[in-house]
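**Student:** got a sequence here, can you model it:
(one chain, ligands or ions: 1)
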Amino acid sequence: MDADDSRAPKGSLRKFLEHLSGAGKAIGVLTSGGDAQGMNAAVRAVVRMGIYVGAKVYFIYEGYQGMVDGGSNIAEADWESVSSILQVGGTIIGSARCQAFRTREGRLKAACNLLQRGITNLCVIGGDGSLTGANLFRKEWSGLLEELARNGQIDKEAVQKYAYLNVVGMVGSIDNDFCGTDMTIGTDSALHRIIEVVDAIMTTAQSHQRTFVLEVMGRHCGYLALVSALACGADWVFLPESPPEEGWEEQMCVKLSENRARKKRLNIIIVAEGAIDTQNKPITSEKIKELVVTQLGYDTRVTILGHVQRGGTPSAFDRILASRMGVEAVIALLEATPDTPACVVSLNGNHAVRLPLMECVQMTQDVQKAMDERRFQDAVRLRGRSFAGNLNTYKRLAIKLPDDQIPKTNCNVAVINVGAPAAGMNAAVRSAVRVGIADGHRMLAIYDGFDGFAKGQIKEIGWTDVGGWTGQGGSILGTKRVLPGRYLDEIATQMRTHSINALLIIGGFETCDRIKQSASGTKRRVFIIETMGGYCGYLANMGGLAAGADAAYIFEEPFDIRDLQSNVEHLTEKMKTTIQRGLVLRNESCSENYTTDFIYQLYSEEGKGVFDCRKNVLGHMQQGGAPSPFDRNFGTKISARAMEWITAKLKEARGRGKKFTTDDSVCVLGISKRNVIFQPVAELKKQTDFEHRIPKEQWWLKLRPLMKILAKYKASYDVSDSGQLEHVQPWSV
Ligand code: ADP
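**Tutor:** Residues are numbered from 1 along each chain as shown. As a prediction, the model looks like this:
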């Protein structure tokens, strides 16, 4: 499994590696401020990447407090010290708030403690407060050194030698309250916790008629409230950035009572901890409850989620995000020069990027200022494109205009599910139906895929029919894995009979992110796990990254007996250390002959006396269960966009009599980098490997080396090929 030399940057490779060597450098890593799930994955990545490039890495325990106190609070980390922490919530190195670091005196002590160990590279994982502190520390650094020299605590040489402090930040915060990154570490896991609670409440509360007021964290940022409202189809949401219009009390009560009239038994209202009205007065969950009880007399319960949201295991998304950010942070430290400003590693679409730390902090503070000054539109805008997009989608889907206010288009739009059921499909149907109705179309549901289509299983579907669909797994419309080819005539007849003007097909993609493993706790054991995906190795690869696997065999990267042998040797070596477990993922169709059974038997034989093996074929459980918040929202948003596109196309075609499809009227909607794009099927054909049903180019393949670096493979990788560096080194693209 050596790096593919043909892709390595030619000529400049050696120079590049020299330039990126960490030899002789010391990196300190700390977690500060509120803890968040996924912080451990970031710490692990920093430690292992740091060691990989030859640097020394030090844990700084208890945030800035440990830096100020020194002593055993600053300790060198080794490879094993970060083993088995990927799946642990919180932070193993502790986090604290520290008053002393806010003073120059405290920072002077901290500088002295770092210098004693030669640490001039700092990796801070925390919120905007922690990052502001780090930036200030960096700016003061040379002044602090001079003062230490004057006090006789260090000599002149040290002042020269350690003249610059490099700082890189990663944002760990469940609130997603930092400008410049799409996601902060911990947010996705917090959303999982919230949605688990909402799902639990929904099942018990269906038996009674109840209203639930759910308070989620976010003193200054409504992200968690907004996105969980979107993911569970809440009836009302209160956010600090977008206070309700005056007179909201009455509007909300009308909406709730309308829902009751439609036989909806359960109302869910989500409130951000810091929700306010247009006069900046707090809107508390108690106040909302009182309102509902006095105005409507409904049985109303308040649930305050509190610290539950910070707890539990980090989600696959957070583990991958934090691992990628940690690796990028180390590269950023190695590349830093005295002139590089402190940076923060962020997520932009599916890319890890670096941004100037203080600009992001400033923007984050500007949002607060805008809210304080009641410039709420500015606040929403400053939160970024995706926040505003979420807010719009939520509003469109939550509130139905009265029928007489929707201009009718006289178009019939049908929705169908095809292929394997995937979590998030129902959310997509709900969103398409509601957006379609709001756009004035008559919406039709087709049951049981193309099979049902041919047989005419087609019915009109209304706004309330899709209520509560976001959280349901599988496909409520029903889907079959049959292709339309055999039924084209029948389907054409049905299209005519029902006058279908447009068809939205949802399916053919696996959006399941539910791969989990519980391999820790056992000794000297290697788990071999088979994942689904046909020929597509995405699940095996990303699952491997999230679970800290030793190998993930995929179709896209051919492997042979030598690779299997080197993996067995790697595992044997590993059993000699304190980490006595192994995890190997194998995508179901990665090789015709090296089957899961074969690998299991080979490893069992080769591992005799050193480790034993267990195998597990995950199979259909990967498609089951309740959809994750990501899948719900992805389904919801992408489907809303698809419907908008259909509406626009129908408008274009209006008045042209009989309509024919053109190339660009048959499209697939997807996300590429940051953007939602519509790709004509004809174009997509060129980019698809039909034999194996995968795209010819897959972005996530760039993350392959990352997993191996973090799993301590003996192979040597050019770190520029870790999939993180495209924006810095153009030749590595
Ligand atoms: P968060 O990082 O989650 O925003 P805080 O704002 O509480 O959390 O910051 C965490 C710690 O970072 C503080 O306890 C303090 O030690 C340090 N810190 C925050 N702001 C500053 C600042 N302006 N100057 C120096 N240190 C700071």
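**Student:** now the stretch 401-550 of the chain against the ligand: closest residue?
**Tutor:** Nearest to the ligand in the stretch 401-550 of the chain, going by Cβ to the nearest ligand atom, is Ala546, at a distance of 24.5 Å. Glycine gets a C-beta too; all of them are placed from N, C-alpha and C.
**Student:** got the CA positions of stretch 322-333 in PDB?
**Tutor:** Output of stretch 322-333 as PDB, limited to C-alpha atoms (Å, rounded to 0.1, in the frame of the first residue of the first chain):
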ATOM      1  CA  ALA A 322     -11.700  16.500  13.600                       C
ATOM      2  CA  SER A 323      -9.100  14.000  12.200                       C
ATOM      3  CA  ARG A 324      -8.800  16.000   9.000                       C
ATOM      4  CA  MET A 325      -8.500  19.300  10.800                       C
ATOM      5  CA  GLY A 326      -5.900  17.900  13.200                       C
ATOM      6  CA  VAL A 327      -3.700  16.700  10.300                       C
ATOM      7  CA  GLU A 328      -4.100  20.000   8.500                       C
ATOM      8  CA  ALA A 329      -3.300  21.900  11.700                       C
ATOM      9  CA  VAL A 330       0.100  20.200  12.000                       C
ATOM     10  CA  ILE A 331       0.900  20.900   8.300                       C
ATOM     11  CA  ALA A 332      -0.100  24.600   8.900                       C
ATOM     12  CA  LEU A 333       2.300  24.700  11.900                       C
END
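**Student:** pull the distance from it to the chain's centre.
**Tutor:** 17 Å (Cα atoms, centre = their mean, to the nearest Å).
**Student:** same question, stretch 313-333
**Tutor:** Centre to centre, stretch against its chain (Cα atoms, centre = their mean), the figure for stretch 313-333 is 11 Å.
**Student:** report the rounded mean pLDDT for that stretch.
**Tutor:** Taken as a whole, stretch 313-333 has an average pLDDT of 92.
**Student:** same question, stretch 638-657
**Tutor:** pLDDT averaged over stretch 638-657 gives 80.
**Student:** in the chain, what residue lies closest to the ligand?
**Tutor:** At 1.9 Å from the ligand, Gly129 is the closest residue in the chain, using Cβ to the nearest ligand atom.
**Student:** quick revisit: wait, the residue of the stretch 401-550 of the chain closest to the ligand sits on Leu321?
**Tutor:** No. If you go by Cβ atoms under 8 Å, Ala546 and Leu321 don't touch, sitting 9.7 Å apart.
**Student:** related to what we said a few turns ago, pretty sure the residue of the chain closest to the ligand is touching Gly34, no?
**Tutor:** No. Counting by Cβ under 8 Å, Gly129 stays clear of Gly34, with 9.4 Å between them.
**Student:** of the two, who's got more company?
**Tutor:** Comparing Gly129 with Gly34 by other Cβ atoms under 10 Å, the one with more neighbours is Gly34, at 19 against 15.
**Student:** for that one, list the residues it contacts.
**Tutor:** Applying Cβ atoms under 8 Å, 6 or more residues apart in numbering to Gly34 gives the contacts Ser95, Gly127, Ser173, Ile174, Arg310.
**Student:** now these as a markdown table including pLDDT, distance to the ligand and secondary structure?
**Tutor:** Listed next are the contacts of Gly34 as a markdown table, based on pLDDT from 0 to 100; distance: Cβ to the nearest ligand atom, whole Å; DSSP: H, G, I helix; E, B strand; the rest coil:
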| residue | pLDDT | distance to the ligand | secondary structure |
| --- | --- | --- | --- |
| Ser95 | 92 | 8 | coil |
| Gly127 | 91 | 2 | coil |
| Ser173 | 91 | 6 | coil |
| Ile174 | 91 | 10 | coil |
| Arg310 | 86 | 12 | helix |
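**Student:** for Ile27, which non-adjacent residue is spatially closest?
**Tutor:** If the residues on either side of it in the chain are set aside, Ile27 comes closest to Asn121, at 4.3 Å by Cβ to Cβ, 6 or more residues apart in numbering.
**Student:** just Met425 next, same as before
**Tutor:** In space, Met425 is closest to Ser475, 4.8 Å off (Cβ to Cβ, 6+ apart).
**Student:** the one you found falls within a helix, correct?
**Tutor:** No. Read with DSSP: H, G, I helix; E, B strand; the rest coil, Ser475 is coil and lies in no helix.
**Student:** use 55 as the first number from now on
**Tutor:** Taking 55 as the first residue, the last one we looked at is Ser529.
**Student:** so it makes contact with Ile470?
**Tutor:** No. Ser529 lies out of contact with Ile470 (Cβ under 8 Å); the separation is 10.0 Å.
**Student:** near the ligand, which residues of the stretch 55-204 of the chain show up?
**Tutor:** Residues of the stretch 55-204 of the chain found near the ligand (Cβ under 6 Å from any ligand atom) are 86-88, 118, 151-152, 155-156, 180-184, 186-187, 190.
**Student:** so who does the residue nearest to Met479 touch?
**Tutor:** Neighbouring residues of Ser529 by Cβ under 8 Å, 6+ apart: Asn471, Pro475, Ala476, Met479, Asn480, Gly561.
**Student:** how near is the fifth one to Thr524?
**Tutor:** Using Cβ to Cβ, to the nearest Å, one gets 7 Å for the distance from Asn480 to Thr524.
**Student:** and for the two, which residues touch both?
**Tutor:** Pro681, Gly689.
**Student:** all strands in the stretch 405-554 of the chain, in order from the N-terminus.
**Tutor:** 405-410, 466-472, 496-500, 512-514 (DSSP state E, counting those that start in this stretch).
**Student:** now distance to Val520 too, for those, in a markdown table please.
**Tutor:** Below are the strands of the stretch 405-554 of the chain laid out as a markdown table (distance: least, Cβ to Cβ, whole Å):
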| stretch | distance to Val520 |
| --- | --- |
| strand 405-410 | 34 |
| strand 466-472 | 10 |
| strand 496-500 | 9 |
| strand 512-514 | 12 |
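**Student:** among those strands, which is nearest Val101?
**Tutor:** strand 405-410 (17.6 Å; Cβ to Cβ).
**Student:** name the residues of the chain found near the ligand, please.
**Tutor:** Residues of the chain lying near the ligand by Cβ under 6 Å from any ligand atom: 86-88, 118, 151-152, 155-156, 180-184, 186-187, 190.
**Student:** narrow these to those that are buried.
**Tutor:** Among the residues of the chain next to the ligand, the ones that count as buried by 16 or more other Cβ atoms under 10 Å are 86-88, 118, 152, 155, 180-182, 184, 186-187, 190.
**Student:** dump the residues you listed to JSON lines, plus secondary structure.
**Tutor:** Output for these, formatted as JSON lines (three-state DSSP):
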{"residue": "Ser86", "secondary structure": "coil"}
{"residue": "Gly87", "secondary structure": "coil"}
{"residue": "Gly88", "secondary structure": "coil"}
{"residue": "Tyr118", "secondary structure": "helix"}
{"residue": "Cys152", "secondary structure": "coil"}
{"residue": "Phe155", "secondary structure": "helix"}
{"residue": "Gly180", "secondary structure": "strand"}
{"residue": "Gly181", "secondary structure": "coil"}
{"residue": "Asp182", "secondary structure": "helix"}
{"residue": "Ser184", "secondary structure": "helix"}
{"residue": "Thr186", "secondary structure": "helix"}
{"residue": "Gly187", "secondary structure": "helix"}
{"residue": "Leu190", "secondary structure": "helix"}
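**Student:** now the two most distant members of these.
**Tutor:** Within those, two members stand farthest from each other by Cβ to Cβ: Gly88 and Leu190, at 19.6 Å.
**Student:** closest one to Ser261 among the strands of the stretch 405-554 of the chain?
**Tutor:** Checking those against Ser261 by Cβ to Cβ gives strand 496-500 as the closest, at 27.5 Å.
**Student:** residues contacting stretch 549-562, please?
**Tutor:** Stretch 549-562 has contacts (Cβ under 8 Å, 6+ apart) with 465-474, 476, 479, 482-483, 486, 498, 503, 510, 512, 529, 533, 548, 689, 693, 696-697, 700, 703-704, 713.
**Student:** picking up where we left off before, now the strands of the stretch 405-554 of the chain as CSV including mean neighbour count?
**Tutor:** Putting the strands of the stretch 405-554 of the chain into CSV (neighbours: other Cβ atoms under 10 Å) gives the following:
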stretch, mean neighbour count
strand 405-410, 19
strand 466-472, 24
strand 496-500, 24
strand 512-514, 14
